[in-house]
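sequence and predicted structure, then a few things I'm wondering about:
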Amino acid sequence: MSILMAMEGVCDPEQDIIDGVDWSVGAKASNTGKYTCLTGELADSFWEYPASGLEFIKWPSAIVPENLRNNKVTFIMASGMGSNFGDKGLHELYLNGKKILEINTPYETTISWKSELATAKFETVFIDKSDDLFGIFSVTVNPEAIDFGKRQSFEMKGKKCLCNSWFSISKVENLKRLNVKELQSKMKIGARISGIKAATSSAKDGLLDVICACYWDKTASVSIANDKTIMPKGENIIIFNAGGKKLPADANIIVDKAVDESKWLIEVYPESVLKAPDEGYKKHLEYLNKLECVIWKDSVEKINNYLQLRKSAKIIKDDDGKNHIKASLVGFPEGFKSEQPLTAIITLPPRTWEAKAFCDNKEIRYEYVSLKGGVRGIKFDIFPGRKHVDVFYRK
């Protein structure tokens, strides 16, 4: 057996594995640029959104050797899916001009699709701060659909639908050496996906039997910088009481760990917990109330709304050229409250040596920040109600 056939967790060991993308030739797509890939780093990426039905990605595979004729062949590539937009995103995969598969975008650790000509699998190994999925996309194709001795022409087309769950491929080398199962275990992919799905479905369906907790560095406050929302990177997501089970005995140990490591701790729970007969819940909540640390306890619905607002918020900047920047913060409605710090950062013009921030003609708390390339910025609190902040500066 060749080393190509030994890649654990990706393909059937009886299949021959070929690089799904020949990067010496390159790819074309409706959208291109540097984007997150399965390593968690930025890479040359190509993607399409399905909603319009007009977008695409086209790419060649490595050459399929003649000696594989009559065999099924598996093509592997680094891919991503914007599954947090929903599982109704539809894409059509073509090989050498012929449609071989239609795929959707469920939020799972491993996703499989099948047709008469091919099977495909997506295995998640990384989840970014927007909860998008990145991993290995493998397509196993029947010999009658393959043009042996040549590069194969792939195309992924977005199928018109009411969903914008995108699909991408990224330039990542040495995919055949990856141990998918090991990466999934190391990154706690299964637990994270279960936690995200539990919180989302609880908010959507009003389920009363799920408690979810996650924690991250306190210093990673929720910020909006240059029109881009910067979210905390959650290191752990833990499900409590999923499926009607009792609160685990180590729930308080998890809390202690968050406190000891100076983490933010979010506890998501339905209001019914306060009235629950289970003594475990009551003791756990009493324990949380005694701790002198930052803990955010709220209903699943409220926290889910907060997460959605955080994703949609952005800064609209307007520099009138008269040493005045007007920054409008969009996405946080009147009365929106959070125990977490919500801040905005905007860059200042070159050679600016002083700046002040005002809201409703009153000076507000702000601080200077150093950005990449020696650029300076000003950081200030976000005010609900879509109020704008005036920044006056001097050069």
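Everything's here; your move.

give me the neighbour count for residue 73.
By the criterion of other CB atoms under 10 Å, residue 73 has 23 neighbours. Every residue, glycine included, has its C-beta placed from N, CA and C.

residue ranges of the helices in this structure, please?
According to DSSP state H, the chain carries its helices in the segments 180-186, 189-205, 251-260, 279-290, 300-312.

please name the bridge partners of residue 101.
Beta bridges link residue 101 to residue 93, judged by DSSP bridges.

just to revisit the earlier point, hey, least reliable of the helices of the chain by pLDDT?
Of all those, mean pLDDT reaches its minimum on helix 300-312 (a mean of 58).

lowest-pLDDT helix or strand in this structure?
Using mean pLDDT, DSSP states H and E, the weakest-scoring helix or strand in the chain turns out to be strand 236-240, at a mean of 46.

so where's this structure uncertain?
Scanning the chain for pLDDT under 70 picks out 1-15, 84-87, 195-314, 329-342, 383-386.

contact partners for residue 83?
By CB atoms under 8 Å, 6 or more residues apart in numbering, the contact set of residue 83 is 89, 105, 106, 107, 131, 132, 133, 165.

and of those, the nearest to residue 344?
Of all these, residue 344 sits closest to residue 131, with 22.2 Å by CB to CB.

ok, now how distant is that closest one from residue 80?
As judged by CB to CB, to the nearest Å, residue 131 and residue 80 stand 12 Å apart.

over to residue 135?
To residue 80, residue 135 is 8 Å away according to CB to CB.

burial count for the residue nearest to residue 166 when sequence neighbours are not counted?
Once flanking residues are discounted, residue 166 sits nearest to residue 82: 4.1 Å by CB to CB, 6 or more residues apart in numbering. If you count neighbours by other CB under 10 Å, residue 82 ends up with 21.

quick one: residue 82 and residue 165 touch, right?
Yes - Residue 82 is in contact with residue 165 according to CB atoms under 8 Å; the separation is 4.8 Å.

mind listing the shared neighbours of the two?
Residues touching both residue 82 and residue 165 (CB under 8 Å, 6+ apart) are 89, 105.

how about the strands in the stretch 101-250 of the chain?
Ranges of strands in the stretch 101-250 of the chain, per DSSP state E, counting those that start in this stretch, are 110-114, 118-127, 133-141, 151-159, 167-170, 211-217, 222-225, 228-230, 236-240.

one step back: which of residue 131 and residue 80 has more neighbours?
Taking neighbours as other CB under 10 Å, residue 131 and residue 80 compare with residue 80 leading, 26 against 20.

wait, the more buried one touches residue 47, no?
Yes - counting by CB under 8 Å, residue 80 does reach residue 47; the two are 7.3 Å apart.
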